[in-house]
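Colleague: One predicted model, sequence on top.
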Amino acid sequence: MSAPLVGRSEERSDEESLFSLEFRAEVRFLATLGMTFCGVVSKLRNKSLTSAPHLSVVFSSRLSSSRRRVILSASIPMPELPEVETIVRGLQRLLPGRRILDVRLGKTDFIDDPVQLGESLPGCRIESVTRHGKFIVFALLRSNPAASATASDVASKVTSAGVRMHLLVHLGMTGQLTVRPAADSAPPHTHAIFFLDDSRELRYTDIRRFGRILVVADSRIGEFRDRLGADPLEITEAEFARRMGVRHARIKALLLDQHALRGMGNIYADESLWHARIHPARQADLLTRKQLRALHREVRTVLQTAIRLRGSSVSDYVDAEGSPGRFQLRHRVYQREGKPCARCAAKIRRVIVAGRSSYFCPRCQRPPRVRKRARQSVDAIKRRR
């Protein structure tokens, strides 16, 4: 029987503990928004909710008033592939070979099991830092497993070289991972500090605490990696067309589907679609080969350019050394509603696609045509009203 994940995940099924990790930050965020919905409405009561820049409220008229659904779609940006890749490259330059001496935790509601985390990590050497989708993966090795038998038995795989395990970090909406001198005071909302053997600290800071930290056994890291889709920087044109071109779903939804492409998010989906001149609501299985080829090319180009410019700092994102990115200066549509398109000067618009705010140019990215039968159905509904 393979070793389980550390902490609370021991009580979860494999599907819950691994398959859904990528989406928990967004789920927790939307749940919090739902609890504060009344306060939001009171603040916006003199404004049109559908025109608010970062909040769209959609009511389902087919439900009774007692069961009316409220769908909240927030465009607060989450660190995506370029931001996480930038952080990982910085950490990979700073951390391999360093040993974790101790761990200090603040608020721990985003950590699978803070007690076991604190027991497992001290004494571990950081071997490498890599990215898998939006996850930051620390490969750890503890050379003396006897020093902490209970923690290692739960979390890790014992080998002749020592105990191997992997620390996974998802930044959620506002998470930051930085390496700072121990003499520097920690900023507010620092909830995890990993003390290193060179008088520096690896700090996890998260205002909203929608991130995730957990330890995965070495024997199960392959299973974790297999749960997510292809990396958009590595996927071939043929594989991209196979994953995208046969699905009866909106192309924006597929780009955000972590089982199809791991690491893509709202910013870079919108930017890639603009460059490829494809409307975010287009059905993926109706795209031509030429369009799929263009989208594959633009996804890679946009992501590579964003990495070169160290990501987009449109909210709380900073790199491993605390510096902001610059790709937000290259945004063509994201959060530019009402501003002129850089290509044709038409005003950028915003719609909700796949539950997310989607920005597009109505002239460069023609909306999908409504089929005749669907149009007739819409007209019939209007006549009945």
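Modeller: Looks like it arrived, so ask away.

Colleague: Tell me which residues touch Glu237, please.
Modeller: 292-293, 296-297 (C-beta atoms under 8 Å, 6 or more residues apart in numbering). Bear in mind the C-beta positions are built from the backbone N, C-alpha and C, glycine included.

Colleague: separation between it and Arg310?
Modeller: Using C-beta to C-beta, to the nearest Å, Glu237 is found at 27 Å from Arg310.

Colleague: Looking at the contacts of Glu237, spot the one nearest Pro367.
Modeller: Taking C-beta to C-beta as the measure, Pro367 sits nearest to Leu292 out of the contacts of Glu237, at 18.6 Å.

Colleague: Quick check, pLDDT for the closest one.
Modeller: Turning to Leu292, the model gives it a pLDDT of 97.

Colleague: next one: the one 5 residues further on
Modeller: Arg297 is assigned 98 on the pLDDT scale.

Colleague: Just give me the neighbour total for it.
Modeller: When neighbours are defined as other C-beta atoms under 10 Å, Arg297 has 15 of them.

Colleague: which SS state does it fall under?
Modeller: Under the three-state scheme (DSSP: H, G, I helix; E, B strand; the rest coil), Arg297 adopts helix.

Colleague: Who are the contact partners of it?
Modeller: For Arg297, the set of contacting residues under the criterion of C-beta under 8 Å, 6+ apart consists of 237, 276.

Colleague: What distance do you get for it to Phe240?
Modeller: In this structure, Arg297 lies at 10 Å from Phe240, with C-beta to C-beta as the measure.

Colleague: do the same with Lys107
Modeller: Lys107 sits 40 Å away from Phe240 when distances are taken as C-beta to C-beta.

Colleague: what about these two, which has more around it?
Modeller: Residue environment comparison for Lys107 versus Phe240 gives the larger neighbour count to Phe240, 21 against 13, counting by other C-beta under 10 Å.

Colleague: Relative to Leu261, how far out is the more buried one?
Modeller: Distance, Phe240 to Leu261, by C-beta to C-beta: 8 Å.

Colleague: Kindly point out which residues are neighbours of both of these two.
Modeller: By the contact definition C-beta under 8 Å, 6+ apart, Phe240 and Leu261 are jointly contacted by 230, 299.

Colleague: Can you show me the helices along this structure?
Modeller: With helices called from DSSP state H, the chain shows them at 14, 21-35, 37-43, 81-94, 114-120, 149-155, 221-226, 237-244, 251-256, 266-276, 289-308, 372-384.

Colleague: tell me which residues in the fourth one are buried?
Modeller: Neighbour counts over helix 81-94 (16 or more other C-beta atoms under 10 Å) mark 81-91, 94 as buried.
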